[in-house]
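# Have a look; sequence and predicted model below, questions after that.
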Amino acid sequence: MSACPRGHRPLRETGAAISTAIALLEGCCSPSTGGRIMVFTSGPATVGPGCVVETDLGKAIRSHRDIFNSNAPLTDKARDFYKKVAKRMTDRALVLDLFAFSLDQVGAAELRNPIEVSGGLMVHTESFESEQFKSCFRHMFKHEGTNYLNMNFNATIEIVTSKEVKICGALGPCISLRRKNSSVSDKEIGEGGTNYWKTSSLSSKTSIAFFFRVDCSHKAEPPTVFFIQFMTRYRHGDGSYRLRVTTIARTNCKNKKGAAAAVMARLAVYRAETYHVRDVIQRLDKMLIRFTAKFGNYVPEDPSTNFSLYPQFMYYLRRSQFIDVFNSSPDETAFFRKLGYHKDPNHENLRKLLEEPEVDAEALLVDRFPVPKLIKCDQHGSQARFLLARLNPSVTQKTQLSEGTEVIFTDDVSLQVFIEHLQELAVQG
């Protein structure tokens, strides 16, 4: 980065720097060794390959609307460039991590592909001094009583299935190696058309969703039991090569609502990259009705169906920023803590009451990686908008108000109304 004149952005060649780092590792490391490239940046690339915005501050960086309307030529070029970068990285088992420190955009959307397929990490905070960055950075170089880091490289995943099961694809930090056999489905989802995938890095937090379909073309009923075997090969942190084989049996009568919600969330996010938000939500609604009608315990024409956990997941997914994207900046902390009542010895119970949710939140953050950002919200405070934007709008400007209730101004339906409509649609004969 160089000094810049007034009214211009600094000159940053992030894409060229990444390409140079890859070339250095390509020249000095064998293809199976593996390695990490860490990018620390405080702004978008403005020149060279991977450029996402011009140096002139009068030219705004692309928005979601620009991308959706194909009015972001620099974004298209940058994504094409980084797709080639991703291919070079997976060929050499290299991982790309991005640490961005800025109140503005830094071009993370364009960099997403090589980071995701290589199993890398993306952290975007306001400054290098944030606890979120420090926690993530410490966790990356963690080694529990060993002389090597908890990093595994150059992993491949091979799947073998029963003849009735067809492999559709995978979503997550992996790339298809396009190796087909009789168990590969013609219908592709994500990285499909194969039974063999590669990822540059594996850890205990790596999560990949694999999609299958049961072929019932030759039978009236689907099989009651089928088998799936995962063979994972990787280079361990100590330098040794390991093979882990996992064989599972699944029956059609079981369903895990939490796993189903996680898979649907991934599928929805994947489709949101190429389809309009309204189309993605409509598809979620249709699949939710089908899922509820198939697995819910209900009496036909009786709307009192007792099946609510999975629909709740879907309700909040529809309202989340994973589907309906928007930008927001942090505000000042909530006002009533400044009064200091919780610090008064005469209000010991109040202090404990305020500390309990923070202790619970910290306990949840311990095993999360990358470490999420914790936003503390107080009623009527500036940070409360983060919570109010995602809450169930049970009391809105359209409902009858009672004294002491807080109104959420929105046209969205409440969770109760959403469930009632779903039950009616699911049980229609």
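Here it is on my side, so go on.
# show me where the stretch 151-300 of the chain has helices.
When assigned using DSSP state H, counting those that start in this stretch, the helices of the stretch 151-300 of the chain occupy the ranges 257-272, 277-295.
# a markdown table for those helices, including distance to Arg6?
Quick note: C-beta positions are derived from backbone N, CA and C, even for glycine. Shown next, in a markdown table, are the helices of the stretch 151-300 of the chain (distance: least, Cβ to Cβ, whole Å):
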| stretch | distance to Arg6 |
| --- | --- |
| helix 257-272 | 39 |
| helix 277-295 | 39 |
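# Quickly list the domain ranges of this protein.
The record's domain parsing of the chain by automatic domain parsing lists 14-140, 152-254, 258-325+416-426, 336-414.
# which of these is buried the deepest?
Greatest average neighbour count among those goes to domain 14-140 (a mean of 18), per mean count of other Cβ atoms under 10 Å.
# State the mean pLDDT of that domain.
Per-residue pLDDT values over domain 14-140 give a mean of 86.
# What's the end-to-end length of that domain?
22 Å (Cα to Cα, to the nearest Å).
# Just the C-alpha atoms of stretch 77-95, please, in CSV.
What follows is stretch 77-95, C-alpha atoms only, in CSV (Å, rounded to 0.1, in the frame of the first residue of the first chain):
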residue,chain,number,x,y,z
LYS,A,77,-13.2,-9.9,-13.3
ALA,A,78,-12.1,-10.3,-9.7
ARG,A,79,-14.1,-13.4,-9.2
ASP,A,80,-12.8,-15.0,-12.4
PHE,A,81,-9.2,-14.2,-11.2
TYR,A,82,-9.8,-15.7,-7.7
LYS,A,83,-11.4,-18.8,-9.2
LYS,A,84,-8.0,-19.4,-10.9
VAL,A,85,-6.3,-18.7,-7.6
ALA,A,86,-8.5,-21.3,-5.9
LYS,A,87,-7.5,-23.9,-8.4
ARG,A,88,-3.8,-23.2,-7.9
MET,A,89,-4.2,-23.4,-4.1
THR,A,90,-6.1,-26.7,-4.1
ASP,A,91,-3.5,-28.2,-6.5
ARG,A,92,-0.8,-27.4,-3.9
ALA,A,93,-2.9,-28.0,-0.8
LEU,A,94,-2.6,-24.3,0.2
VAL,A,95,-5.0,-22.5,2.6
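# Off-centre distance for it?
20 Å (Cα atoms, centre = their mean, to the nearest Å).
# For the spatially most central residue of the chain, list the residues it contacts.
For the chain, Arg266 is the residue whose C-alpha lies nearest the centre (Cα atoms, centre = their mean; 7.1 Å). Residues counted as contacts of Arg266 (Cβ atoms under 8 Å, 6 or more residues apart in numbering) are Leu171, Gly172, Ala209.
# about what we covered before: may I see the helices of the stretch 151-300 of the chain organised as TSV, with distance to Ala78 and mean pLDDT added?
Listed next are the helices of the stretch 151-300 of the chain as TSV, based on distance: least, Cβ to Cβ, whole Å; pLDDT from 0 to 100:
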stretch	distance to Ala78	mean pLDDT
helix 257-272	19	81
helix 277-295	23	80
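# Figure out which of the ones you listed is closest to Asn71.
helix 277-295 (17.4 Å; Cβ to Cβ).
# Now Leu98, what are its backbone angles?
Backbone geometry at Leu98, expressed as degrees, to the nearest 10, gives phi -120, psi 120.
# Kindly provide the distance from it to Ser30.
Taking Cβ to Cβ, to the nearest Å as the measure, Leu98 falls 25 Å from Ser30.
# closest to Phe128 among the contacts of Arg266?
Lowest distance from Phe128 to those (Cβ to Cβ) belongs to Gly172, with 29.0 Å.
# Distance of that closest one relative to Gly107?
Going from Gly172 to Gly107 by Cβ to Cβ gives 22 Å.
# go on, Glu158?
Taking Cβ to Cβ as the criterion, Glu158 is separated from Gly107 by 35 Å.
# Ok, Pro49 next?
Look at Pro49 and Gly107: by Cβ to Cβ, they are 12 Å apart.
# Residues that sit against both of these two, list them.
Common contact partners of Pro49 and Gly107 (Cβ under 8 Å, 6+ apart): Ala78.
# Just tell me which of the helices of the stretch 151-300 of the chain ends up closest to Val359.
Closest approach to Val359 among the helices of the stretch 151-300 of the chain is made by helix 257-272 (24.2 Å; Cβ to Cβ).
# The closest one versus helix 277-295: what angle between them?
150 degrees (axes from the mean of the first three to the mean of the last three Cα atoms, to 10 degrees).
# any idea how far helix 257-272 is from the chain center?
Per Cα atoms, centre = their mean, the displacement of helix 257-272 from the mean C-alpha position of its chain is 10 Å.
# Could you do stretch 228-235 as well?
Per Cα atoms, centre = their mean, the centroid offset for stretch 228-235 relative to its chain is 23 Å.
# How about stretch 280-292?
From the chain centre to the centre of stretch 280-292 is a distance of 20 Å (Cα atoms, centre = their mean).
# who does the host helix or strand of Ala100 pair up with?
Ala100 belongs to strand 94-101 when assigned by DSSP states H and E. Within its sheet, and counting by DSSP bridges, strand 94-101 is paired with strand 35-41 (parallel), strand 122-125 (parallel).
# could these go into a markdown table alongside distance to Phe313?
What follows is the strands paired with strand 94-101, written out as a markdown table (distance: least, Cβ to Cβ, whole Å):
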| stretch | distance to Phe313 |
| --- | --- |
| strand 35-41 | 34 |
| strand 122-125 | 24 |
